[in-house]
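Q: Got a predicted structure plus its sequence, pasted below:
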Amino acid sequence: MAQKHAQPASKVIGPEKAPEAPTVIFYRLGRKFVDDEREIPQESADVMYYTLAVGHHTGIMDCFDAKLSCPVEMFERIVALFDEDGQARYKLEGIIRSGEIQVDKSHVGVLDAAVDEACKKAAAEGADREGERVWLEGFAEMLDAVKRDSAVYLIGRLRA
């Protein structure tokens with residue numbers, strides 16, 4: 001399966017091809033679909049649609065689009081802009097600790113104000129932090145998409 005590193009509307013900071021150095025990539029849920037190319041028994045279809053009705057994703061394929069990326073070194077500089085003891089910093093550091101994080105509507109409250117503050121810090125430091133500021137603005141746009149649509153969520157992944 002051919003993969004494209006980022007869609008044209010993405011704010012990719014760093015390489016546009018497969019990264020040679022470790023990279024942090026944020027993906028946004030682009031669409032969901034039910035694999036219905038083959039006929040499934042009615043009982044199974046009933047269970048699948050029931051689980052959808054109660055909020056579960058049995059039988060649903062989530063499709064993600066790469067929307068934001070940067071080298072790990074830059075991501076570490078971005079994370080350093082957040083309050084050292086803050087929940088937002090801890091959440092984002094999860095990419096380095098675990099290799100992946102999920103950001104959904106429950107995380108927006110923690111991240112929103114912290115991203116705004118970090119963006120202001122980066123802007124105040126001038127041209128040396130321009131890449132970090134641009135990345136943070138892109139991340140803020142992604143958080144806004146999560147706020148607007150509770151079905152949308154993000155995956156942040158370390159790609160070595």
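A: Good, I have the coordinates.
Q: Which parts of the protein are strands?
A: 11-12, 23-34, 60-71, 100-103, 154-159 (DSSP state E).
Q: low pLDDT regions in the chain?
A: Along the chain, segments meeting pLDDT under 70 span 1-19, 30-41, 44-62.
Q: Recalculate using a threshold of 50.
A: Judged against pLDDT under 50, the low-scoring parts of the chain cover residues 1-8, 15.
Q: For it, which segments count as helices?
A: For the chain, the helices defined by DSSP state H occupy 42-53, 72-79, 87-98, 105-124, 130-148.
Q: what's the second one in contact with?
A: It refers to helix 72-79. With Cβ atoms under 8 Å, 6 or more residues apart in numbering as the test, helix 72-79 has contacts from 13-14, 21-24, 70, 89, 92-93, 95-96, 118, 122, 129, 131-132, 135-136, 158. Heads up, the C-betas are built off the backbone N, CA and C, glycines and all.
Q: what inclination does it have with respect to helix 130-148?
A: 70 degrees (axes from the mean of the first three to the mean of the last three Cα atoms, to 10 degrees).
Q: repeat for the third one
A: Between the axes of helix 87-98 and helix 130-148, defined by the same axes, to 10 degrees, the angle is 100 degrees.
Q: in helix 87-98, what counts as buried?
A: By neighbour count on 16 or more other Cβ atoms under 10 Å, the buried set for helix 87-98 is 88-89, 91-92, 94-95.
Q: can you check the last one too?
A: Of the residues in helix 130-148, those scored as buried under the neighbour-count criterion (16+ other Cβ under 10 Å) are 131-139, 142-143, 146.
Q: and if you look at stretch 118-126?
A: 118-119, 121-122.
Q: Turn the residues you listed into CSV, columns for distance to S106.
A: Shown next, in CSV, are these (distance: Cβ to Cβ, whole Å):
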residue, distance to S106
A118, 20
C119, 22
K121, 25
A122, 26
